[in-house]
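Asker: Fold the following, please.
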Amino acid sequence: MPCPLCEIKNEDLIYKNDLFRVILVDEIPGYIRVITNKHIKEFSDLSDEEAVKLTLAVKKTEKKMLEFLNPDKINIAALGNMVPHLHIHIIPRYKNDPWWPGATFCDKKRDFNYPPLNIQKYKEEIRSCF
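Answerer: Predicted coordinates:
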C-alpha cells in the first residue's frame, strides 16, 4: 500500500523546504504537522544536520503557537504506528478540551468550543518563523 504522506493530497500547506513541510490539520483548530518530504521511518534515520533542522522547526512552530493561541499546553508527538513515515504532531491543548488530560488520539469525551482562530493570520504567523 502506498504511503499517504508520500502522496501529497489536499494538504493545507503553510511552509515547505527540501527537508520537510508544515501543514495545518483540520481535526483540531491550530493543530500542525511537520512531515519529512522523503519517506523516512524513524527520527534516527535523519542525518544529524537534518535532525537539528527538524527539531528547530518544531521548536519554532511551538513557540509561535504558544504566542498566537495561548493554549494551556502544547503536545508534541511522533508516533507513526499507523503511518510509518516520520511526521511530528504539534497540538494546542486546553484544560477543558474534549480529551483533557488524555491524548487527543483517545475517544472524544465532551463538547468544547475552541477559541476563535483567524486561520490566515495564524498561518502567516507560523510561516514567519521559517
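
Asker: tell me what the longest strand belonging to the chain is packed against?
Answerer: Identified as the longest strand of the chain according to DSSP state E is strand 87-93. Judged by 3 or more C-beta pairs under 8 Å, 6 or more residues apart in numbering; DSSP states H and E, the packing partners of strand 87-93 are strand 32-36, helix 48-69, strand 73-77. Where C-beta positions appear, they are placed from N, C-alpha and C, glycine not excepted.

Asker: tell me the angle of it relative to helix 48-69?
Answerer: Orientation check (axes from the mean of the first three to the mean of the last three C-alpha atoms, to 10 degrees): strand 87-93 against helix 48-69 gives 20 degrees.

Asker: in the protein, which ranges drop under the pLDDT threshold?
Answerer: Regions of the chain meeting the criterion pLDDT under 70 cover residues 1.

Asker: Please report how far the closest residue to Arg93 other than its chain neighbours lies from Thr104.
Answerer: The shortest distance from Arg93 to any non-neighbouring residue, by C-beta to C-beta, 6 or more residues apart in numbering, is to Lys73 (4.4 Å). Computed as C-beta to C-beta, to the nearest Å, the Lys73 to Thr104 distance reads 11 Å.

Asker: Settle it for me: which of these two has more neighbours?
Answerer: A direct count of neighbours by other C-beta atoms under 10 Å for Lys73 and Thr104 places Thr104 higher, at 18 against 13.

Asker: measure the closest residue to that one other than its chain neighbours to Lys38 for me?
Answerer: For Thr104, ignoring the flanking residues on the chain, the nearest one in space by C-beta to C-beta, 6+ apart is Ile91 at 5.6 Å. Distance, Ile91 to Lys38, using C-beta to C-beta: 24 Å.
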